[in-house]
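> Build me a structure from this.
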Amino acid sequence: MKIADILRDKKFVFSMEIFPPKPDSDISVIYNTLDGLKDLKPDFISITFGAGGGTRTRTVEIAERIENHYKIPCMAHLTCIGATKASITEILNELKAKNIQNIMALRGDLPEGVKNPLKDFKYAADLVKFIKKKWDFCVGVAGYPEKHPQAKDMKRDLKHLKEKVKAGASFITTQLFLNNDHYFNYVKMVREAGITVPVLPGIMTATKLSSIERMTKMCGVEIPERFKTATSTCAIDNPVCDETVKYTVGQINHLIKNGVPGIHLYTMNRVEQNRHIYEESDISKMRQ
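You can find the predicted model right below:
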């Protein structure tokens, strides 16, 4: 099922993101993760592509499992940095053959020390346009409530976002944010820019400050003092941190109270933490 249809038909959408294990790791680990999360009955699950497309084979394999074994709509991430039209065509044909109907179109991170990494695609909008020209995938794109770290300013960032939607994107999923004001201000600016597609808020669940700091440093995301305090109480080896669950539940409930179209959880492949967040937040109430 296409995510655009899910967003059209449902008042509230719940979705999750997972990432594939490294090529030299046991793939059964991610299936154990999915076994632990599938009972939450997400409307769709997205799976990342890996830096530079390094986990491509596993992304396709896991996407097929989600779509055809678990019977949950899957959105496969696809990055175009360093890719050619021929390589993207090969991947898209492979995904189509596996019954995947949804793609998250991303430029991807610029690799260090690689000459001419852009090749056939300079921006994510180029990838969206290429996909929509030849295939019938539903395409989602990323949005950055606190501005893409490489964008000179929010005005230019919104210009690129509008180009992605004009090229054929059906919805936007935001980068993580820890202060809801950034999301609401962003949606306001998105609408003022004439962009009307749904904007799903992306919420990251974490138990360690160090892991979130790595992400926020790359993405330019503000870390509120309340979140730092919450994570400071977490044991390193604890699969569930009560204080960060409490913080995330509060963040989600505030978003829901203010009418968001759904919640997209960046699970970090953590089963227990995300089950607690789901069960203790208002997500389940919105789906009754």
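
> From now on I want contacts and neighbour counts done on CA atoms only, so please keep to that.
Will do.

> so what secondary structure elements neighbour whichever strand or helix holds Tyr183?
Assigned by DSSP states H and E, Tyr183 belongs to helix 180-192. Using 3 or more Cα pairs under 8 Å, 6 or more residues apart in numbering; DSSP states H and E, the elements in contact with helix 180-192 are helix 242-257.

> hmm, who's touching the next helix or strand after the helix it packs on?
Downstream of helix 242-257, the first helix or strand assigned by DSSP H and E is strand 262-266. By Cα atoms under 8 Å, 6 or more residues apart in numbering, the residues outside strand 262-266 that reach it are 12-18, 173, 176, 200-205, 252, 256, 283.

> Take those residues and keep only those in strands.
Val13, Phe14, Ser15, Met16, Glu17, Ile18, Thr173, Leu200, Gly202, Ile203, Met204 (DSSP state E).

> Now render those residues as CSV, adding neighbour count and distance to Gln150.
Converted to CSV, these look like this (neighbours: other Cα atoms under 10 Å; distance: Cα to Cα, whole Å):
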residue, neighbour count, distance to Gln150
Val13, 22, 30
Phe14, 22, 29
Ser15, 21, 27
Met16, 25, 26
Glu17, 22, 23
Ile18, 19, 25
Thr173, 18, 18
Leu200, 25, 22
Gly202, 26, 20
Ile203, 22, 21
Met204, 20, 21
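
> If we ignore the residues flanking it in sequence, what's nearest Lys85?
Nearest non-adjacent residue to Lys85, counting by Cα to Cα, 6 or more residues apart in numbering: Asp120, 6.3 Å away.

> could you list every residue that touches that neighbour?
Contacts here follow Cα under 8 Å, 6+ apart; on that basis Asp120 touches Gly82, Ala83, Thr84, Lys85.

> So Met215 lies in a strand, does it not?
No - read with DSSP: H, G, I helix; E, B strand; the rest coil, Met215 is helix and lies in no strand.
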